[in-house]
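Colleague: need a 3D model of the sequence below.
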Amino acid sequence: MASIPKTIIPKTGRLVTRLGFGSYRISNATHAKALQAALEGGVNIIDTGSNFANGLCLKGASETIIGQTLQDLSASSKLSRESITLVTKSGYLSSSDVQAFDAQKDYIQLSDKMFHSISPRVLEKQLEMSLKRLKTSKIDIFMINSPERMLMAKNRSYTTAHLYKELAETFRYLDGLVAAGSMGGYGICSNTMAFPNAVDHISLNEIIKACPKSNQNLLAIQVPFNLYEREAIVKAEDDVGAKTVAQIAEANGIYIMTNRPLNAIANGQVRVLANHELGANGKGPAEHEIMAEMQKSFENIAKLESEIVSELPVEEESLTSKFVWGQVLSENLARLAQNHFATRHYLTQQVLPTLDKDMAEFSKYVRLQAADNPDSSNMLEEWMKVYKENMHALIKNIIDYAYIDTLRKNNDLDRIINALCPALQDQLPPSAYSPLSIKMLRLLLSHKNVGTVLTGMRDPLYVNDALFAAQQEPIQKEYVDDIWKCPVFW
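Modeller: As a prediction, this is how the structure comes out:
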């Protein structure tokens, strides 16, 4: 088996693989198996974060699983902790995180439940927890996560001048930790570094100026890089002005890690760049099964909603009017099918919480009826149970249906990529899970000024695809240029 290409982090001399294990949403045993498969396949750099997990209730799960996996592999002598470059990041906070801190000094508020901080006091606490979860005494690269979010403060005035001043203080604090040996160095993870016109843009040049020991301890940056978001790495043909973020980083000995290779933001929407088969030869139910299940779910919900209207008295119309989700979702199905990510977010983060709230109100009504009419109360209790089960099933079906539409679009995209670079289609393993994902990773890895491409590998299937992509020869420059020039991707 071919090995994964490696490169050197300039200011430390550490040799790391150009493919890295991205750990966003890592939270269970399957994810741990995927991590082990990646490490045993040769990957030696892991990226995580203090807030990474598959849900807020599992905060820190990513670091916990990584720490346990590394400990287990070290105990079995399959690898040593020293052979792995461990990257974690801090910045995002939950409501419980901020209780011990000062809202006017230590953090800013982004929304009702989300906060952000670059304060040494806060980072000290987050780093302490990260070291504990990761079961290590040292972080190789500590990243300040999305410091630009500080510019979106809701609870106090905050400007770019404030940001760079506070970053300078934070860098001095981190320099002390480097000297003490608890971290090898630090860096910045940013989504806006390559966009000077963004309202929350932060400048790499200004960050370097704010860092007292930038030539020693500012080791790395992390930026998005994918088919649709290439500004940090690839310069537009008509852009003869400022240097790219990659050029600035390279000139200052700063290592470049890229993220979101397969989760692009295109035209304001998240686009998952995968095109695996559904059904027996792929993952999950086949398309016709998803369609049949969705139709059945709509029918079940329509029947249940009709039953409750006929069961409750007319004066309870305000209550029954809450349970019309079947009609609402059916009428908007075409729009919901257009974007899998947005649909999943809307249904799970808005519809389901609203449903739970309405169910709680309905439950109060049922309890009031229990004394006078226990039989009716029991029937209504059963109706609530069945309705909730069927709504959850319907929402899952709609999300799956939206994913089908994404796969169709990506199959079209795959054909365009094949036409621009036929060799990509010829060099695929028989076991490829997502041909498009392999091609996208190969495209990004073909850029020599990109150090490590970090990609999510929550499933051994994803690991296999990523390892194959990393083991191939770089795509010829003429084909890479043809892909970037294609107007479809601008």
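
Colleague: all contacts plus neighbour counts: C-alpha atoms, from now on.
Modeller: Fine.

Colleague: the closest residue in space to residue 245 that isn't next to it in sequence in helix, strand or coil?
Modeller: Residue nearest to residue 245 in three dimensions, not counting chain neighbours: residue 232, with 5.0 Å by Cα to Cα, 6 or more residues apart in numbering. With DSSP: H, G, I helix; E, B strand; the rest coil as the basis, the three-state label of residue 232 is coil.

Colleague: residue contacts, residue 449?
Modeller: Contact partners of residue 449, counting by Cα atoms under 8 Å, 6 or more residues apart in numbering, are 233, 246, 250, 256.

Colleague: for residue 221, state which of the residues you listed is nearest.
Modeller: Of all the contacts of residue 449, residue 221 sits closest to residue 256, with 5.4 Å by Cα to Cα.

Colleague: so what sits opposite the closest one in the bridge?
Modeller: Here residue 256 sits in beta bridges with residue 221, as judged by DSSP bridges.

Colleague: I'd guessed it sits against residue 249; true?
Modeller: Yes: A contact is recorded between residue 256 and residue 249 when judged using Cα atoms under 8 Å, the distance being 7.1 Å.

Colleague: anything in contact with each of the two?
Modeller: residue 221.

Colleague: how much space between the nearest residue to residue 144 once chain neighbours are set aside and residue 264?
Modeller: The shortest distance from residue 144 to any residue that is not its chain neighbour, by Cα to Cα, 6+ apart, is 5.0 Å, and that residue is residue 188. Look at residue 188 and residue 264: by Cα to Cα, to the nearest Å, they are 20 Å apart.

Colleague: and the gap between residue 245 and residue 481?
Modeller: Relative to residue 481, residue 245 is positioned 19 Å away (criterion: Cα to Cα).

Colleague: actually, residue 357.
Modeller: Using Cα to Cα, we find residue 357 at a distance of 52 Å from residue 481.

Colleague: over to residue 329?
Modeller: Using Cα to Cα, one obtains 43 Å as the distance from residue 329 to residue 481.

Colleague: equivalent analysis for residue 313, please.
Modeller: 68 Å.

Colleague: more crowded one of the two?
Modeller: Under the neighbour definition other Cα atoms under 10 Å, residue 313 and residue 481 were set side by side, and residue 481 has more, 13 against 10.

Colleague: so where does that one fall, helix or strand?
Modeller: Residue 481 is located in helix 477-485, with elements delineated by DSSP states H and E.

Colleague: what residues does that helix touch?
Modeller: Contact partners of helix 477-485, identified using Cα under 8 Å, 6+ apart, comprise 227, 417, 420, 421, 443, 446.

Colleague: how close does the fourth one get to residue 412?
Modeller: So the one you mean is residue 421. When Cα to Cα is the yardstick, residue 421 and residue 412 sit 15 Å from each other.

Colleague: compare neighbour counts for those two and give me the winner.
Modeller: When neighbours are counted by other Cα under 10 Å, residue 421 and residue 412 differ, and residue 421 comes out ahead with 19 against 11.

Colleague: residues in contact with the more buried one?
Modeller: Residues in contact with residue 421, defined by Cα under 8 Å, 6+ apart, are 479, 483.

Colleague: how about the residue lying closest to residue 224 once chain neighbours are set aside, what does it touch?
Modeller: The shortest distance from residue 224 to any residue other than its chain neighbours is 4.7 Å, reached at residue 259 (Cα to Cα, 6+ apart). When contacts are counted by Cα under 8 Å, 6+ apart, residue 259 is found next to 22, 222, 223, 224, 225, 453, 454, 455.

Colleague: and those residues, which is closest to residue 202?
Modeller: Taking Cα to Cα as the measure, residue 202 lies nearest residue 223 of these, at 12.0 Å.

Colleague: and the closest residue in space to that closest one that isn't next to it in sequence, what does it touch?
Modeller: Computed as Cα to Cα, 6+ apart, the closest residue to residue 223 that is not its neighbour in sequence is residue 258, at 4.9 Å. Listed by Cα under 8 Å, 6+ apart, the contact set of residue 258 reads 222, 223, 224, 225, 450, 451, 452, 453, 454.

Colleague: tell me the SS of residue 258?
Modeller: On the three-state scheme (three-state DSSP), residue 258 is labelled strand.

Colleague: quick check: residue 403 touching residue 340?
Modeller: Yes: between residue 403 and residue 340 there is a contact under Cα under 8 Å: 5.2 Å.

Colleague: overlap of the contact sets of those two?
Modeller: Both residue 403 and residue 340 lack any common contacting residue under the criterion Cα under 8 Å, 6+ apart.

Colleague: now do the lengthiest helix in the chain: which elements does it pack against?
Modeller: Under DSSP state H, the helix in the chain containing the largest number of residues is helix 374-420. Contacting helix 374-420 under the criterion 3 or more Cα pairs under 8 Å, 6 or more residues apart in numbering; DSSP states H and E are the following elements: helix 287-311, helix 333-336, helix 340-346, helix 352-370, helix 435-445, helix 477-485.
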